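Participant: got a sequence here, can you build the structure:
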Amino acid sequence: MPGWAIPAVLKQNKKAVKNLMLEQTLKISKPFLYQMEDWTEKYRPRTLEEVVGNREAKTLLRSWASQWNLGTPPKKRAVILAGKPGVGKTSSALALANEYNWTVIELNASDVRSADKIKKVATFGALNETFTDDGRFAPAKKGGRKLIILDEADNLYERRSSTDSSDVNGMLDRGGKKAIVDTVKETKQPIILIVNDLYELTRGGGETLRDLCLTIRFNEKLVSTNDIVALLRRICGSEGVYVENEVLVTLAERCKGDVRSAVRDLQAVCLGRKRVDRSVLPLLSYRDREQTIFDVLNTVFKTKNTQYISRLLSQSGEDPKSLIQWVDENLPRAYLDVVDLAKAYEILASADVFLGRASRYRAYVLWRYAVDLMGGGVASAKKRVYISTSRYQFPSWLKEMKTSKSLRDIRSSIAGKIGCYCHVSSKKANQMFNELQMIFQSNPEFALTFKEMLGLTEDEMKYLLGDKYKYKPTGVSKKEDVIEEYDVSHDETEKKEQTEQLTLF
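Facilitator: The predicted model follows:
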């Protein structure tokens, strides 16, 4: 090996030579391995005071935890920490456990969070006593507590396995929310649910969690730039790296309250350096995606600088399928001339053709042409520069799709169950969906029979029956009673007709 002096004595011993080479390799690679350690984990807060920003939220969290330590569990035995990524939710939960010497049981996003997994790990942990790290029994009466943390609890979906044909969607919530609700109701240990989207957790089967849990919101606007700069400066001091103050301020401002991203950006610019100056600033970009798309639209609609537009689009990281929706929605607001608008839409249609071909043939290299047409192509379509300050709107199609997502999921689920029962594809089941829905609404006994055969949920029955859905799950035990509940609107109509006939005599 060039550069390595191998003693002549070792040349006869291959094993010794191999060990020497391994030792030399470790010496060379050790500094790089050290530098690659994730700073977000290395400098994760140990106490709540070290968590940046959101002072009121931290005070409320500590007050809730103190009641557990006093031996009188609070009325709401679980807490929901809600807020955008990187604002300190997970760090606050772990710091709280460290302050109170609580054992942590955590289910994070990398774990499968089906109902069985939640019951096996979280529920079992919530109902039993704990042990210390050295193996000693620590009963709750003497302050022994376990903190159950379910990170990204708004993302309970797991991928369908190749052997599981019962699920009709690629990603399904297998009773995860119900398992969480049951765990919270029965728990003898503190529980923290961490979410980015509170609505996603509490919709559907998770509505009960609003009443069972204390909701604490973490706001990125309550994370000040000065606090982030102070944290970054402490990290630089610990790492022995000098970073100019202008760079630290820029990192803190551009992260938009996302402390985790600021730390990771700092590690990126410090990697392999002992001194970082303002020359790295052009390499940095804003973390706020929505702010970036507005900047992109403004540049496309107001300028003709195709090179700058192309660079801005590559920095934004916006998905081409989403970008074309933004341009399509706001183009009529920006281009007031009919000729400019028609030419721009013609170019946008060409971009849509490239997107379609990219998806159809899996030739994603065509995205580049689509993005260039959406950006520089639309920008060069106008004959004059528009100076109006129109307010750009979120794509209405995406809004409608988000609003109707739950209904589409229910319909897809029903079609999958019909397809599985009839041994046809979901597509074929969708074709007979309307006829089946008409039969359900006209024949409640048939509806009840098929409900049991297909295993339809109440939401699915409500979708199929529409206005005729009158089923009350509580207090109904006999099949005839259920049929009567489903047919109540039909009976009322019949009685009304009989009354009208009697009045004629």
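
Participant: Ile194: what secondary structure?
Facilitator: Here Ile194 is recorded as strand under DSSP: H, G, I helix; E, B strand; the rest coil.

Participant: so what pairs up with it in the strands?
Facilitator: Leu81 (DSSP bridges).

Participant: surely it meets Ile148?
Facilitator: No - using Cβ atoms under 8 Å, Ile194 is not in contact with Ile148, being 11.3 Å away. Just so you know, the C-beta spots here come from the backbone N, C-alpha and C atoms, and that holds for glycine as well.

Participant: contacts only, for the nearest residue to Ile191 once chain neighbours are set aside.
Facilitator: Sequence neighbours aside, Ala78 is the residue nearest to Ile191 in space, at 3.9 Å (criterion: Cβ to Cβ, 6 or more residues apart in numbering). If you count contacts by Cβ atoms under 8 Å, 6 or more residues apart in numbering, Ala78 has them with 184, 187, 190-193, 209, 212-214.

Participant: just the buried subset of the residues you listed, written out for PyMOL, thanks.
Facilitator: To isolate the buried ones among those in PyMOL, judged by 16 or more other Cβ atoms under 10 Å, type:
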select buried, resi 184+187+190+191+192+193+209+212+213+214
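
Participant: now, the contacts of Ala78 that are in strands?
Facilitator: By the criterion of DSSP state E, membership of these in strands covers 191-193, 213-214.

Participant: remind me which helix or strand Leu341 belongs to.
Facilitator: helix 338-361 (DSSP states H and E).

Participant: which positions within that helix qualify as buried?
Facilitator: Within helix 338-361, the residues scored as buried using 16+ other Cβ under 10 Å are 340-341, 343-345, 347-348, 351-352, 354-355, 358.

Participant: that one - contacts with which helices or strands?
Facilitator: The helices and strands touching helix 338-361, judged by 3 or more Cβ pairs under 8 Å, 6 or more residues apart in numbering; DSSP states H and E, are helix 320-334, helix 367-372, helix 378-380.

Participant: which residues does it contact?
Facilitator: With contact meaning Cβ under 8 Å, 6+ apart, helix 338-361 is reached by 320-321, 324, 327-328, 331-332, 335, 363-367, 369-371, 373-374, 377-378, 381-384.

Participant: average pLDDT for stretch 421-439?
Facilitator: Predicted confidence along stretch 421-439 averages 82 (mean pLDDT).

Participant: which residues are in contact with it?
Facilitator: With contacts defined as Cβ under 8 Å, 6+ apart, stretch 421-439 is touched by 168, 411-412, 414-416, 418-419, 446-447, 453-454, 464, 466.

Participant: distance check, the nearest residue to Asp328 once chain neighbours are set aside against Asn330.
Facilitator: Excluding the flanking residues, the one nearest Asp328 by Cβ to Cβ, 6+ apart is Leu348, at 6.4 Å. Distance from Leu348 to Asn330, counting by Cβ to Cβ, to the nearest Å: 11 Å.

Participant: what does Arg384 give?
Facilitator: 18 Å.

Participant: so which of these two has more stuff around it?
Facilitator: Shown here are Arg384 and Asn330; by other Cβ atoms under 10 Å, Asn330 has more neighbours (21 against 9).

Participant: tell me the contacts of the more buried one?
Facilitator: Asn330 sits next to 297, 301, 390, 392-393 when contact means Cβ under 8 Å, 6+ apart.

Participant: low-confidence ranges in the stretch 151-300 of the chain?
Facilitator: Residues of the stretch 151-300 of the chain that meet the criterion pLDDT under 70 lie in 156-176, 204, 283-292.

Participant: about what we covered before: list buried residues within the contacts of helix 338-361.
Facilitator: The neighbour count (16+ other Cβ under 10 Å) marks 320, 324, 327-328, 331, 335, 366-367, 369-371, 373-374, 377-378, 381-382 as buried among these.

Participant: and the helices in the stretch 51-200 of the chain, which stretches?
Facilitator: Counting by DSSP state H, counting those that start in this stretch, the stretch 51-200 of the chain has these helices, from start to end: 55-69, 89-99, 115-118, 124-127, 176-186, 198-202.

Participant: tell me what the second one is packed against?
Facilitator: In this structure, helix 89-99 packs against helix 55-69, strand 78-82, strand 103-107, strand 146-150, strand 191-195, with contacts taken as 3+ Cβ pairs under 8 Å, 6+ apart.

Participant: rank the ones you listed by pLDDT, which is bottom?
Facilitator: The minimum mean pLDDT among the helices and strands packed on helix 89-99 belongs to strand 103-107 (a mean of 83).

Participant: could I get the full set of helices for the stretch 201-350 of the chain?
Facilitator: For the stretch 201-350 of the chain, helices defined by DSSP H, counting those that start in this stretch occupy the ranges 209-212, 225-239, 245-254, 259-270, 289-302, 306-316, 320-334, 338-361.

Participant: what about those, which gets the closest to Ser66?
Facilitator: Closest approach to Ser66 among the helices of the stretch 201-350 of the chain (Cβ to Cβ): helix 209-212, 19.9 Å.

Participant: and for that closest one, what's in contact with it?
Facilitator: When contacts are defined by Cβ under 8 Å, 6+ apart, helix 209-212 is touched by residues 76-78, 80, 177, 180-181, 184-185, 193, 201-202.

Participant: just the C-alphas of that helix, formatted as CSV.
Facilitator: What follows is helix 209-212 as a C-alpha-only set of coordinates in CSV (Å, rounded to 0.1, in the frame of the first residue of the first chain):
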residue,chain,number,x,y,z
LEU,A,209,-58.7,12.6,21.6
ARG,A,210,-59.7,16.3,21.7
ASP,A,211,-61.5,15.7,24.9
LEU,A,212,-59.1,13.1,26.4
